[in-house]
Each structure stands twice: as structure tokens, then as C-alpha cells.
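**Q** here are the coordinates; sequence isn't available:
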């Protein structure tokens, strides 16, 4: 009986499991939530991608075509807490112990809102746009002078981003994964 519960993701029984003797009277089943480490939308309407990719820096369009999920049940609810002053926190995440270990070890080195505050996010978008202009100019075979002007724009915006870091506006903070339930 225990091995048959994993026949389908989410612990649903297959027709074969029911025909094999599982249709006898037994205790009612318990629906267990599935681990959801990256915020995929679940339930009615299906998966629309993660709610906050890199803390909201990127939309769900950046996730890619393949939708991955963890089939393990939830072991607890956790949230990332920033060590800044004042401290702030992320959304609750239902996690299995395997993902608690992975996130605590590999994904707690930087707080996205601290490293990319609104001023830095706006500069980041302007830098990406300016780099796209340089690429388009080079593909069209623009003159060296025109390309150099576009590169100078990218360099100027990059210097502004460096200034945000030097002034401490954009900074790297440590995150702590904390259990909330």
C-alpha cells in the first residue's frame, strides 16, 4: 500500500492500485501539500510560473519552457529574512527538508531587494536597453563612431550603477531561511 501512493505525482492512486485491493474499507486519506520552492502557481488555473523570479527582478517569461516541480510533501513553511536594518522578509514557501537544505546552502547569499533596489532596477533596465542598441548597431554595420557613442552610453550607465554600490544604496545582504510553522 505505501509504495502505491507514489504512482502519480501528488500521491493520487492509479486505477491499477484500486483494482489491486485498495478498494476495501480503510481510513480516509489525507491530502498533503506538495513542496513549492520557487513559487509556482498551483490550483485552479494551473501553473502561471513563479510569483517572484529573483525576488521580482524578472518576470515568469524568463523561467523557460520546461516547468519543474518537486513531488515531495511539505515538511514546513519557511520564509527568507534579510539581515538588513530594518529587516524585511520574503513570502512564505512550503518546503520539503531537501529544499530547506538546498536553499539555505545555495540561495541565501544575496537579498534581491537589497542588491537591486528601485534605483538599481531602473538602471539595470536602462543598461540592458543600451546594450541592445549597441548590438543592433553592430549587426546593421553602423560606423565605428556611432557604435562608440552607444558603448559610451552603456559605460556611463554602468558607472552610475557602480556609484549606487559605492554609496551603499545597492548592497549585498545575507538571508536566513526561517521556519514559520
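**A** In hand now; what should we look at? Please read all numbers here as calculations on a predicted model, not as lab measurements.
**Q** any low-confidence regions in the chain?
**A** Counting by pLDDT under 70, the chain contains low-confidence ranges at 1-31, 40-56, 59-60, 181.
**Q** list the buried ones in the helix or strand hosting residue 81?
**A** Here residue 81 sits within strand 76-82, counting by DSSP states H and E. Under the neighbour-count criterion of 16 or more other CB atoms under 10 Å, strand 76-82 has 78-82 buried. Where you see a C-beta, it was placed from the backbone N, CA and C, and this is true even at glycine.
**Q** now do it: everything it contacts.
**A** Identification of contacts with strand 76-82 by CB atoms under 8 Å, 6 or more residues apart in numbering yields 87-95, 100, 103, 108, 111, 113-114, 173-181.
**Q** show me which of those residues are buried.
**A** 90, 93-95, 100, 103, 111, 113-114, 173, 175, 177.
**Q** which element is residue 159 on?
**A** helix 144-166.
**Q** state the next helix or strand along the chain beyond that helix.
**A** Following helix 144-166 toward the C-terminus (DSSP H and E): strand 175-179.
**Q** all helices of this protein, in order?
**A** 15-17, 97-106, 112-115, 118-140, 144-166 (DSSP state H).
**Q** make a markdown table out of those helices and add distance to residue 36.
**A** A markdown table is the format used below for those (distance: least, CB to CB, whole Å):
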| stretch | distance to residue 36 |
| --- | --- |
| helix 15-17 | 25 |
| helix 97-106 | 9 |
| helix 112-115 | 18 |
| helix 118-140 | 25 |
| helix 144-166 | 33 |
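**Q** so what's residue 124 up against?
**A** Neighbour list for residue 124: 57, 116, 161 [criterion: CB under 8 Å, 6+ apart].
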